[in-house]
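**Q** Sharing a model that was predicted from the sequence below.
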Amino acid sequence: MSGRTPQPGSAPGSGPASGPRGELAFWITVFLPFSAGAFLSNLFRSVNAVIAPDLSAALGLGPAALGFVTAAYFVTFAGFQIPLGILLDRFGPRAAQAALLPLAALGAAVFALGDDIVTLAIGRGLIGLGVCGAVLASLKAITLWYPPSRLAFANGVFMAAGSAGALAATTPVEWALTMTDWRGVYGALALAVLGSALWVWIAVPRGGRSAPGAGAPTMGAALGAVYGSRFFWRIAPVCAISCAANLALQGLWAGPWLSDVAALDRPAVAVHLLALGAALTLGFAVMGLLADLLGRIGVPTLAVIAGGLLVNQAAQLGLALEAVELALPLWILVGLFGQFGSLGFAVLARHFPPWLAGRGLTGLSFMIFFGAFLLQYGVGALIEGWAPTPAAGAGYPRAAYQAALFGLLALQVLALIWAVLPRRRDQRRGPGGTAGRC
């Protein structure tokens, strides 16, 4: 690899872009600061899986209310994705990330002080808005400052680093709860996310706005080029539904399943969630390396996505069939292969030109996180349709979780079939983008 990563162009009037000089500088000044934000985003996304019993006991939240409060994060996260894409393309990832993260700190403080479902939902909503750019700003920065041929590798390593936040939301949070309560956990997270915003602002190089090429489309035409693309609508549904379903499970419902179906106590649940988080982190790294290596011998990224999701769906089938004696390996497989759909970000980043990449990425992200809200809340509402089981400590019966898991699985299977169905050759190049395999 050359000693200098490719430099993005400058937006009109912005002056020259000042990207990192060399690959090592990229990892230090771009990768690490953005990874910290993604780490916290994943921690916020998953922390309620551990503190759920405390929230329910302290505030009397049932499954539907708990699902709604937790999923409020996804509503604002998803709702700001389209404006986020415009901000990323217009102002660059550094400015967007540093401006949004303080809102997450405010949301964490509101949640820590909340005593009712409305306040808690507002807090989670502000958190979702504040971290809504944590992943996409990072992927945009990678698109700008890393070789296009190795985007799948860089994206996979970044996803692995960020997903360590889900790992931190398991046993470490359970340990923290021995010294403080759920309010103290959220207060500490508020301070951490403020520090992350400051790190991005200080460390990340200025510039990084993508310059449209000659004849670049207007905003309306740009949105039409992305959302009118048959290629986008082939890739996006399977990636969005698979990622959303796995976020719903990993971010909240894995914990109650382990408690109510597998009948594990809290320390054992925390250990299983730790293993799930570790598998998720490892899975992102494996995903990126696998896509990179197989891509060099001509294997399409869509084939890698499909293979990983098939393994993930097989593991979910085992959970739906209540193979509780295999709970640990099944949840590990869910973590390892659950986010293979996120390779769709690399596919779309290659397909669209740099000045459209933000909108293409945020379009997929909107679908993922709005879907995660619907599925995470929907699972809770479905489970609450069954009466609690007093013999199981007022938990919910196995049939409730079985119905929810089979429903999630059906959606994912249909989306995968849609993606791999034979069809006429897709348009391989976005407007000004890079041709290549999908």
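**A** Sure thing, it's come through. Source: prediction; values computed, not measured.
**Q** Please make it C-alpha for all contacts and neighbour counts, starting now.
**A** Will do.
**Q** Pull up the per-residue confidence for Ser10.
**A** On pLDDT, Ser10 comes in at 37.
**Q** for Arg21, same thing?
**A** Arg21 is assigned a predicted lDDT (pLDDT) of 60.
**Q** List the residues that contact Trp175.
**A** Listed by C-alpha atoms under 8 Å, 6 or more residues apart in numbering, Trp175 has no contact partners.
**Q** Just the element for the closest residue to Leu252 other than its chain neighbours, please.
**A** Distance criterion C-alpha to C-alpha, 6 or more residues apart in numbering; nearest residue to Leu252, sequence neighbours excluded, is Ala49 at 4.3 Å. Element membership of Ala49, judged by DSSP states H and E, is helix 48-59.
**Q** Now that helix: buried residues?
**A** By neighbour count with 16 or more other C-alpha atoms under 10 Å, helix 48-59 contains the buried residues Asn48, Ala49, Val50, Ile51, Ala52, Pro53, Leu55.
**Q** and what of stretch 403-417?
**A** Using 16+ other C-alpha under 10 Å as the test for burial, stretch 403-417 gives Ala404, Leu405, Phe406, Gly407, Leu408, Leu409, Gln412, Val413, Ala415, Leu416.
**Q** coming back round to it: residues in contact with the residue nearest to Leu252?
**A** Gln250, Gly251, Leu252, Trp253, Ala254, Gly255, Pro256.
**Q** can you map out the helices along the stretch 151-300 of the chain?
**A** Taking DSSP state H, counting those that start in this stretch as the criterion, the stretch 151-300 of the chain contains helices spanning 151-168, 171-176, 182-203, 219-227, 230-248, 254-260, 266-296.
**Q** Reformat the buried residues of helix 48-59 as a markdown table; add pLDDT and distance to Lys140.
**A** Output for the buried residues of helix 48-59, formatted as a markdown table (pLDDT from 0 to 100; distance: C-alpha to C-alpha, whole Å):
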| residue | pLDDT | distance to Lys140 |
| --- | --- | --- |
| Asn48 | 89 | 28 |
| Ala49 | 84 | 29 |
| Val50 | 86 | 31 |
| Ile51 | 91 | 33 |
| Ala52 | 87 | 34 |
| Pro53 | 87 | 37 |
| Leu55 | 89 | 36 |
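**Q** Nearest to Phe77 among the residues you listed?
**A** Checking the buried residues of helix 48-59 against Phe77 with C-alpha to C-alpha, the nearest one is Asn48 at 16.5 Å.
**Q** Surely that closest one touches Leu249?
**A** No. Contact between Asn48 and Leu249 fails when scored by C-alpha atoms under 8 Å: they sit 11.7 Å apart.
**Q** buried sites along the helix or strand where Pro83 lies?
**A** Pro83 belongs to helix 81-91 when assigned by DSSP H and E. Buried residues in helix 81-91, defined by neighbour count with 16+ other C-alpha under 10 Å: Gln81, Ile82, Leu84, Gly85, Ile86, Leu87, Leu88, Asp89, Arg90, Phe91.
**Q** what are the C-alpha coordinates of it, in PDB please?
**A** Taking C-alpha atoms only, helix 81-91 is exported to PDB below (Å, rounded to 0.1, in the frame of the first residue of the first chain):
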ATOM      1  CA  GLN A  81     -30.600   9.700   8.700                       C
ATOM      2  CA  ILE A  82     -31.600  11.600   5.500                       C
ATOM      3  CA  PRO A  83     -30.700  15.000   6.800                       C
ATOM      4  CA  LEU A  84     -27.500  13.400   8.200                       C
ATOM      5  CA  GLY A  85     -26.500  12.300   4.700                       C
ATOM      6  CA  ILE A  86     -26.800  15.800   3.500                       C
ATOM      7  CA  LEU A  87     -24.800  17.200   6.500                       C
ATOM      8  CA  LEU A  88     -22.100  14.600   5.900                       C
ATOM      9  CA  ASP A  89     -21.800  15.400   2.200                       C
ATOM     10  CA  ARG A  90     -22.000  19.200   2.800                       C
ATOM     11  CA  PHE A  91     -19.900  19.700   6.000                       C
END
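**Q** The helix or strand hosting Leu343 to helix 230-248, inter-axis angle?
**A** Taking DSSP H and E as the definition, one finds Leu343 inside helix 343-351. Orientation check (axes from the mean of the first three to the mean of the last three C-alpha atoms, to 10 degrees): helix 343-351 against helix 230-248 gives 150 degrees.
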